[in-house]
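A.B. asks: got a predicted structure here, sequence first:
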Amino acid sequence: MRKDFKMVDSVDTSELPIIDFDKILVATDNFSTTNKLGEGGFGPVYKGRLEDGHQVAVKRLSRHSGQGVEEFKNEIVLISKLQHRNLVRLLGCCIEGEEKVLVYEYMTNKSLDTFLFDATKRVKLDWATRFHIIQGIARGLLYLHRDSCLRVIHRDLKANNILLDNDMNPKISDFGLAQTFRVTQELANTHRVMGTFGYMSPEYAMGGLFSEKSDVYSFGVLLLEMVSGMRNTSFHYHEKYLNLLGYAWELYNEGQASDVVDEVVVDSCSLSAVLRCVRIGLLCVQDHVADRPTVSIVVLMLSNEMDLPHPKQPTFTIQSLSDADLRSQCNKRCSINKASLSIIEGQ
Ligand SMILES: Nc1ncnc2c1ncn2[C@@H]1O[C@H](COP(=O)(O)OP(=O)(O)OP(=O)(O)O)[C@@H](O)[C@H]1O
């Protein structure tokens, strides 16, 4: 382990309210199936109402979870120190015997993927709403990378981890894999590559190297998904065996980028604004870390405050047969290799 990091080996819950398990049972009606919102790598998530009337989302760590106690601790340690309008708020936790539970503010509109990739609901995402969401995610990411008391790399940015409140404000969630960096540190590596296939940068997926620019890569994928309404992990352009990134780049290169724009938003958008987003997305998914913009630059680019360079062709664009097999299990967290590293360091 690098000696300039500290392991997160115990959970300091002093800054976070502890909620009795009995109260959680009452709030969720004994984790009733009618209250179940869904299930992720951590375990099932339930809707609940605390005795003070607050609606909450309750994540119960499953014993069979692919993620473990390390991610649970990480989420508590990190998110209780972070506060921003584009990050989901952790309201409390419960550790009683075998039970490990996290209690979050309830997000009425659930996660972005449930809108964007749903044939009926995506119609509600006009371009103004999509752009509002994109800007909010970028601001949340900027806070993590630059403006919070810690310097945080999220490492699992994807549509499932963006929650939407009643007014469609986006909140980044799921800090189980997030890592903190020292101010001077540019790059770290891990033997345990964890993240989601289709959103991971090439240097992270293949070499375990991660930095702010790995989050920028994931943001670029998300941006192209928002523009196209298509999931990178399940998109197939069979004629040329291309994934969404390859397809978007080919169209951009041929001056046909408008063909990648979701038909649902075509009538509600300024085409030049959407094409600008395609270009920003392609700049974010460039192969070389140094070619990708920082999130602060992305925020400026989105607010139209600077000219955009031309993106280089990304190489992670070929749809091979084995990719297709992997993608059939799309959106499942993947973990390669062993040894885990949890790091915490103040800025
Ligand atoms: N705070 C919340 N408010 C409302 N719904 C939520 C909240 N948190 C999670 N959910 C819903 O619960 C479901 C499971 O979420 P969870 O974050 O555990 O997994 P995921 O992000 O879908 O997958 P993975 O764990 O693989 O990243 C999702 O459908 C999500 O919409």
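C.D. replies: That came in fine, so what should we check first?

A.B. asks: now this structure against the ligand: closest residue?
C.D. replies: residue 40 (1.9 Å; CB to the nearest ligand atom). (C-beta placed from N, C-alpha, C; glycine too.)

A.B. asks: quick one, what contacts that residue?
C.D. replies: Residue 40 is in contact with 59, 160, 174, counting by CB atoms under 8 Å, 6 or more residues apart in numbering.

A.B. asks: near the ligand, which residues of the stretch 51-200 of the chain?
C.D. replies: Contact residues (CB under 6 Å from any ligand atom) of the stretch 51-200 of the chain with the ligand: 57, 59, 88, 104, 106-107, 110-111, 114, 160-161, 163, 173-174.

A.B. asks: what about 5 Å?
C.D. replies: 57, 104, 106-107, 110-111, 160 (CB under 5 Å from any ligand atom).

A.B. asks: pull the most distant pair out of those residues.
C.D. replies: For those, the farthest-apart pair by CB to CB is 106 and 160; their separation is 16.6 Å.

A.B. asks: next, count neighbours for the residue nearest to residue 90 when sequence neighbours are not counted.
C.D. replies: Counting by CB to CB, 6 or more residues apart in numbering, residue 79 is the residue found nearest to residue 90 once chain neighbours are left out, at 4.6 Å. Neighbourhood size, residue 79 [other CB atoms under 10 Å]: 23.

A.B. asks: before we move on, the earlier item: closest to residue 224 out of the residues of the stretch 51-200 of the chain next to the ligand?
C.D. replies: For these, the minimum distance to residue 224 (CB to CB) is 16.1 Å, reached by residue 160.

A.B. asks: any idea how far residue 113 is from the closest one?
C.D. replies: 5 Å (CB to CB, to the nearest Å).

A.B. asks: and those two? Which one has more around it.
C.D. replies: A direct count of neighbours by other CB under 10 Å for residue 160 and residue 113 places residue 160 higher, at 22 against 16.

A.B. asks: in the chain, which ranges drop under the pLDDT threshold?
C.D. replies: 1-15, 64-68, 181-187, 190-193, 235-241, 317-347 (pLDDT under 70).

A.B. asks: what segments of it are strands?
C.D. replies: 36-39, 44-49, 55-60, 90-96, 99-105, 151-153, 162-164, 170-172, 179-181, 188-189, 193-196, 209-210, 333-336 (DSSP state E).

A.B. asks: what's in contact with stretch 276-294?
C.D. replies: 131, 134, 145, 187, 201-203, 211-213, 216-217, 219-221, 223-224, 226-227, 245, 248-249, 252, 257, 260-261, 298, 301-302, 304, 308-312, 314-316.

A.B. asks: just the CA trace of it, in PDB.
C.D. replies: Taking Å, rounded to 0.1, in the frame of the first residue of the first chain, the C-alpha atoms of stretch 276-294 are listed here in PDB:
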ATOM      1  CA  ARG A 276     -21.800  21.200 -28.700                       C
ATOM      2  CA  CYS A 277     -22.600  18.600 -26.000                       C
ATOM      3  CA  VAL A 278     -21.800  15.800 -28.500                       C
ATOM      4  CA  ARG A 279     -18.400  17.400 -29.000                       C
ATOM      5  CA  ILE A 280     -17.800  17.900 -25.200                       C
ATOM      6  CA  GLY A 281     -18.800  14.200 -24.700                       C
ATOM      7  CA  LEU A 282     -16.200  13.100 -27.300                       C
ATOM      8  CA  LEU A 283     -13.500  15.400 -25.700                       C
ATOM      9  CA  CYS A 284     -14.200  13.700 -22.400                       C
ATOM     10  CA  VAL A 285     -13.800  10.100 -23.700                       C
ATOM     11  CA  GLN A 286     -10.500  10.600 -25.500                       C
ATOM     12  CA  ASP A 287      -8.000   7.800 -24.900                       C
ATOM     13  CA  HIS A 288      -5.200   9.900 -23.400                       C
ATOM     14  CA  VAL A 289      -5.700  11.300 -19.900                       C
ATOM     15  CA  ALA A 290      -3.900  14.500 -20.800                       C
ATOM     16  CA  ASP A 291      -6.200  15.100 -23.800                       C
ATOM     17  CA  ARG A 292      -9.400  15.000 -21.600                       C
ATOM     18  CA  PRO A 293     -10.500  18.300 -20.100                       C
ATOM     19  CA  THR A 294     -10.700  18.700 -16.300                       C
END
